[in-house]
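A.B. asks: Let me see the structure of the following:
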Amino acid sequence: MTDPIRRIGHDDSIIPLTMGPVGFGIMRWMPLALLYLVVVLALGWQAESWGWGPATLAAKSGPALIGAIDLIRRLRTSHYAWRNPAGGISVTPASLVDRLTFRECGWYFPLVTLPLPLWLVGGLITLIALT
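C.D. replies: Next up is the predicted model:
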């Protein structure tokens with residue numbers, strides 16, 4: 001059976017925490033998400049004393065901000081590598097569709113077997129929060 005076409009290349013979406021055959025890591029965007037939660041909770045805690053709710057703005061714009069960071073990282077990608085069925089590795093310039101969708105070009109949110117680009121997930125969360 002021939003090797004299916006698979007994209008390979010630089011993918012820094014995971015921060016490795018262990019070495020060896022059973023590796024473990026966290027998503028690289030997870031520290032930003034935790035910082036976002038801490039800021040929103042701190043602003044919500046202080047909202048009573050300030051008399052206004054800055055946590056509302058942060059809660060609605062935070063996911064889109066993390067998604068914007070991902071989108072900027074993706075758009076800076078110029079090339080990616082893929083393994084062709086003949087067994088060689090080809091380096092190909094990344095088109096706009098490649099940059100917006102490929103896992104190697106930026107951060108992603110793994111859902112079952114479909115890696116969703118984080119810019120799309122963050123934008124959808126913000127869109128739902130604003131409606």
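
A.B. asks: Could you list the buried residues of the helix or strand hosting residue 127?
C.D. replies: For residue 127, the host element (DSSP states H and E) is helix 118-130. Using 16 or more other CB atoms under 10 Å as the test for burial, helix 118-130 gives 118, 119, 120, 121, 122, 123, 125, 126. In this view, the C-beta of every residue, glycine as well, is placed from N, C-alpha and C.

A.B. asks: Switch the residues you listed over to a markdown table; also include distance to residue 70.
C.D. replies: Putting these into a markdown table (distance: CB to CB, whole Å) gives the following:
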| residue | distance to residue 70 |
| --- | --- |
| 118 | 4 |
| 119 | 5 |
| 120 | 9 |
| 121 | 9 |
| 122 | 7 |
| 123 | 10 |
| 125 | 13 |
| 126 | 13 |
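
A.B. asks: Out of those residues, flag the one nearest to residue 98.
C.D. replies: Closest approach to residue 98 among these (CB to CB): residue 119, at 14.0 Å.

A.B. asks: tell me the average confidence for the helix holding residue 127?
C.D. replies: For helix 118-130, the mean pLDDT works out to 85.

A.B. asks: hang on, residue 86 in a helix?
C.D. replies: No: under DSSP: H, G, I helix; E, B strand; the rest coil, residue 86 sits outside any helix and is assigned coil.

A.B. asks: What is the burial count for it?
C.D. replies: The local packing of residue 86 (other CB atoms under 10 Å) involves 8 other residues.

A.B. asks: And the pLDDT at it?
C.D. replies: Residue 86 is given a pLDDT of 75.

A.B. asks: Now do the contacts for the residue nearest the centre of the chain.
C.D. replies: Nearest to the mean C-alpha position of the chain, by CA atoms, centre = their mean, lies residue 107 at 2.8 Å. The contact partners of residue 107, by CB atoms under 8 Å, 6 or more residues apart in numbering, come to 13, 27, 28, 29, 70, 73, 117, 118.

A.B. asks: Distance check, the third one against residue 100.
C.D. replies: So the one you mean is residue 28. 18 Å (CB to CB, to the nearest Å).
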